[in-house]
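In: Build the 3D model from these lines:
(2 chains)
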Amino acid sequence: MPENNERLPFLRLGWAIWFLILVLSAFIVPYAFLSGVPKITGAFLYWTLFALVAIVSIFCVTSYWRD
Amino acid sequence: MPASWVYAAFVVYIIMGFAVAYTSRGTMTKSVTDFFLANRTIGSFVGALTYSATTYSAFMMVGLAGLVYKGGVGALGFELIYLSGLVLAAFFGPRFWLVGKKFNYVSPNEMLADRYDNKWIAILFTIASVIFLIPYSAVQLMGIGYLMEGLSKGAIPFVVGVGIATILAVAWAWIAGMRSVAWTDSLQALIMIVAATMILLFVVYGAMGGFGGFFGTLEAKYAKDLTVPGPGFFSWGTFLGLTIPWFFFCISNPQVSQRLFISKSMSSLRGMVRGFLVFGFIYTLVSVLWGFAAKVIEPGLKNADLATPTLLASQYVPPVLALIAMIGITAAAISTLDSIMLTLSSMVARDLYRNINPQASEESELLFGKFVIPVIAVLAFFFALQKLGLIAVLSVASSLGLMVIVPTIFGAFFWRRATAAGSIASILAGSFVALYMQFAKVAVCGHGPAIWTLLVTVVVFVVVSLVTKPPVEKAEAFLGYLEKELRAKTAL
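Out: Here you go, the predicted model:
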């Protein structure tokens, strides 16, 4: 949780950039780097890990929320 | 499978559904907010399950499995990128919830109309939602009709399956509005995920000796299916075209975004988002693996849509499990249907009826909304019976068509300079591009309608907003309140 609420705009921007990179990677990595890897450890594993990282990141963002 | 088994399974499912729907009534009042939003009292658990059941229609266990069968692992990427779109709920969720509570918004369109100080935004987007979501509902009904007809080998005619589904969706929306929809959704979400997971485990351990053997067979025999573009379906353009509209689903589809209003507290909202992410991750993996399992068991299917029926009819799935799967798929369709009907009726009542008749009492608005539910259902029912190709096209185009509201939503929360004229012009221009390119099957620079619709909508929204006058006072009241509250709630 951000101790100082003045940091919120910076956190907002930082997380937005992080999610942008993460989502773009889900388009670029499988098509550009894994199209020659015909294994379960190729695109299948990458997208699964991508989703797990996205889920953990969203858990982090929502953990800031207070009632 | 004998028709009597199918009927018996349905009777058990229907009794359970009605029991849950009636129990959910609790201390229900006669207010519009109570009927359409359960008085904003939904907790984490029910919130997460209704969000999941509403989002995931029969498409997952039937359509997505077929897409995997046809195109390979690209279908997993498409669906998981959609799931990651929930990041939008992490940013927009608290904003919707806070202003919804403060200004007593019932529908997302009402919120946008108030923020931009122009009722035409609500009217326009309600009409667009009706045009796209009724065909989408009809396709759900058609799915149930075909499924029951197929599994009973014709003993239960198509029209009976469609009829039963329509009646259930209306009843479960009518009994207690959002309360009965949310609670029956919860029951149905549990049926969906338990049925899907059980079938997968039975097939993988019964036919393939476990996941090691399953993945080994995939790598040995279907290596190409584990890459993109793979067998060919998921070309770069197709992948982008499918994924972009779905990434925005959680804010563009009103039946889903309206759920951001129903939480009891910020903690409940957090529980809803997190619970959905866990549900969605498991359900996506299971549905994708269904498609791969069908490929291993029966590789030569000409029609990929038959992947799931083939899997269920295989010797590895006991008839009782196939029956549970049928109920699971039906539950997935009905839980999406009743949510769409309830949301559309709230929008027709609040955003059309109320705007045309501002003096209407709350009682008459509620009555009108309740009257609209069966009207929408009857329309979807007759559309489903026609089995028209047009319905399928509109249904596929629904996420594309509804995407035109996205810049308006971003502008409402993040750009004081955004104007109603910009919003209306972008909705009209974007809808035109989406429908024209979809129907005429036009591609520009190798890309279909998704990218061009998004681009045109954003450009028109920004340019028209810059040359028109923003609603300064409204923007200040809306965003000023939000900034203060977001800081207090430490929400990004």
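In: Restrict stretch B:147-165 to CA atoms and write it as PDB.
Out: Provided in PDB are the C-alpha atoms of stretch B:147-165 (Å, rounded to 0.1, in the frame of the first residue of the first chain):
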ATOM      1  CA  LEU B 147     -27.100 -29.400 -28.000                       C
ATOM      2  CA  MET B 148     -30.300 -30.900 -26.600                       C
ATOM      3  CA  GLU B 149     -31.400 -32.100 -30.100                       C
ATOM      4  CA  GLY B 150     -28.000 -33.700 -30.700                       C
ATOM      5  CA  LEU B 151     -27.600 -35.400 -27.300                       C
ATOM      6  CA  SER B 152     -31.100 -36.800 -27.400                       C
ATOM      7  CA  LYS B 153     -30.600 -37.900 -31.000                       C
ATOM      8  CA  GLY B 154     -33.500 -35.700 -32.200                       C
ATOM      9  CA  ALA B 155     -36.000 -36.800 -29.500                       C
ATOM     10  CA  ILE B 156     -35.900 -33.300 -28.000                       C
ATOM     11  CA  PRO B 157     -36.600 -31.000 -31.000                       C
ATOM     12  CA  PHE B 158     -34.600 -27.800 -31.400                       C
ATOM     13  CA  VAL B 159     -37.600 -25.500 -30.600                       C
ATOM     14  CA  VAL B 160     -38.200 -27.200 -27.300                       C
ATOM     15  CA  GLY B 161     -34.600 -26.700 -26.100                       C
ATOM     16  CA  VAL B 162     -34.700 -23.000 -27.200                       C
ATOM     17  CA  GLY B 163     -38.100 -22.600 -25.500                       C
ATOM     18  CA  ILE B 164     -37.000 -24.100 -22.200                       C
ATOM     19  CA  ALA B 165     -33.900 -21.900 -22.200                       C
END
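In: Can you tell me what sits against it?
Out: B:1-3, B:6-7, B:10, B:58, B:62, B:140-142, B:144-146, B:309, B:312, B:322-323, B:326, B:329-330, B:333-334, B:337, B:381, B:384-385 (Cβ atoms under 8 Å, 6 or more residues apart in numbering or on different chains). In short, each C-beta sits where N, CA and C put it, glycine included.
In: can you count the residues close to residue 47?
Out: Went with chain A since none was named. The number of residues packed near residue A:47 is 27, by other Cβ atoms under 10 Å in any protein chain shown.
In: was after chain B, sorry
Out: With other Cβ under 10 Å as criterion, residue B:47 counts 27.
In: isn't it right next to residue B:272, touching?
Out: Yes - between residue B:47 and residue B:272 there is a contact at 3.4 Å, judged by Cβ atoms under 8 Å.
In: what do these two both touch?
Out: Counting by Cβ under 8 Å, 6+ apart, the contacts common to residue B:47 and residue B:272 are B:259, B:263.
In: show me what contacts residue B:446?
Out: Counting by Cβ under 8 Å, 6+ apart, residue B:446 has contacts residue B:237.
In: Any of the contacts of stretch B:147-165 buried? List them.
Out: B:1, B:6, B:10, B:58, B:62, B:140-142, B:144-146, B:309, B:312, B:322-323, B:326, B:329-330, B:333-334, B:337, B:381, B:384-385 (16 or more other Cβ atoms under 10 Å in any protein chain shown).
In: what number of residues lie near the nearest residue to residue A:65 once chain neighbours are set aside?
Out: Counting by Cβ to Cβ, 6 or more residues apart in numbering or on different chains, residue A:65 lies nearest to residue B:266, which is 4.6 Å off, once chain neighbours are set aside. Residues within reach of residue B:266, counting by other Cβ under 10 Å, total 20.
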